[in-house]
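>>> Okay, sequence plus prediction incoming.
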Amino acid sequence: MTPTSPPETSSSPLAAALSTLIPGLGQASRGRLGQAGLVLLATVVLLGCTVALGRLQDRAAEIFFFMIVVLPWWAIQSYDAFLPKTGDAQGLGHTLRVIWARAHDVRYLGALFLLSAFFDVYIILTNPTYTLPFFCNKPSGLLGFLAKAQSPTLHTIIGYGFLRLRRWSLFVYLAYAGFGLLNATVNYACFGFGRIRTVLVVTLLIFTAYVLWRRHCFFPPLPASQDDHPGSHRGTLTA
């Protein structure tokens with residue numbers, strides 16, 4: 001920030017909206033021209049990698065990379081434009097620290113679950129004959145519909161809970177992950193190796209490891225009067 005630039009004393013929803021439309025535009029509107037250029041360059045590189053991955057692999061790999069890498073980056077740089085930058089609170093490093101302290105990464109996972117629920121419903125409605133492998137069976141009829149409906153239902157419940165950092169959503173997710181891994185293992189024994197099944201299992205393992213690593217986000221700090229009691233240790237979440 002140059003000496004003639006006005007100090008950033010408050011957050012800017014307008015800058016966040018501009019960076020949502022065009023990465024780096026919000027930073028440029030706040031006078032951070034160097035940072036804006038870097039953000040735009042990084043976004044172009046990531047989008048190029050997305051397109052290249054789609055051509056080398058398939059459409060599914062392209063979408064997966066976009067949701068796991070590009071979309072989080074898009075959200076981070078928009079949030080960076082939103083936050084005020086004064087004193088030592090400069091650069092993306094400060095933004096990442098704020099995201100970590102306020103558990104916005106966990107909330108992003110919740111948003112992904114809600115997005116996944118939307119696509120689940122779309123697939124069910126547009127492909128009514130699709131059957132979901134369920135412990136070596138592919139049930140049809142009402143049972144098959146219920147087997148497919150559990151996916152968007154659980155994704156919606158978990159997504160909402162993660163967005164609100166509800167403690168119960170952590171346990172619902174762990175039960176969901178355990179059931180998914182068990183189902184996939186049984187299906188491996190019956191149907192053999194499947195590329196999509198393998199990608200889903202690896203993704204689920206990575207997500208579960210990350211959620212367990214960040215599990216303290218679901219346990220808000222106790223009031224100071226309770227923290228002094230022996231054995232009352234709880235996870236903390238800096239606001």
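Arrived safely, thanks for sending. No experiment lies behind these values; they were computed from the predicted model shown. Residues are numbered from 1 along each chain as shown.
>>> Ser12: neighbouring residues, count only.
Applying other CB atoms under 10 Å, we find 17 other residues in the vicinity of Ser12. Every residue, glycine included, has its C-beta placed from N, CA and C.
>>> swap that for Ala60, sorry
Using other CB under 10 Å, Ala60 has 12 other residues around it.
>>> any idea which helix or strand carries the residue nearest the centre of the chain?
Geometric centre of the chain, nearest residue: Leu109, 2.8 Å, by CA atoms, centre = their mean. Using DSSP states H and E, the element containing Leu109 is helix 104-126.
>>> Start from the N-terminal end of this structure and give the strands.
Counting by DSSP state E, the chain has no strands at all.
>>> got the domain boundaries for it?
Domain ranges of the chain: 13-101, 104-218, per automatic domain parsing.
>>> Where among those domains is average confidence lowest?
Lowest mean pLDDT of the domains of the chain: domain 104-218, a mean of 86.
>>> Could you give the separation of that one from the chain centroid?
Relative to its chain's centre, domain 104-218 lies at 14 Å (CA atoms, centre = their mean, to the nearest Å).
>>> residues near the closest residue to the residue nearest to the centre of the chain other than its chain neighbours, how many?
Closest residue in space to Leu109, ignoring its immediate chain neighbours: Phe162 at 5.4 Å, by CB to CB, 6 or more residues apart in numbering. If you count neighbours by other CB under 10 Å, Phe162 ends up with 26.
>>> Convert stretch 62-70 to CSV, retaining C-alpha atoms only.
Output of stretch 62-70 as CSV, limited to C-alpha atoms (Å, rounded to 0.1, in the frame of the first residue of the first chain):
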residue,chain,number,x,y,z
GLU,A,62,-11.7,-31.7,-14.6
ILE,A,63,-14.7,-31.0,-12.4
PHE,A,64,-13.1,-32.7,-9.4
PHE,A,65,-10.0,-30.5,-9.7
PHE,A,66,-12.1,-27.4,-10.1
MET,A,67,-14.1,-28.1,-6.9
ILE,A,68,-11.1,-29.1,-4.8
VAL,A,69,-8.5,-26.6,-5.9
VAL,A,70,-9.9,-23.8,-8.1
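>>> quick one: the helices in this protein?
Under the criterion DSSP state H, the chain contains helices at 13-21, 25-29, 33-56, 59-65, 71-82, 91-101, 104-126, 141-163, 167-191, 195-213, 224-227.
>>> Make TSV out of those and add distance to Pro133.
Converted to TSV, the helices of the chain look like this (distance: least, CB to CB, whole Å):
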stretch	distance to Pro133
helix 13-21	38
helix 25-29	44
helix 33-56	26
helix 59-65	17
helix 71-82	28
helix 91-101	37
helix 104-126	14
helix 141-163	9
helix 167-191	5
helix 195-213	8
helix 224-227	47
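>>> Sounds good, over and out.
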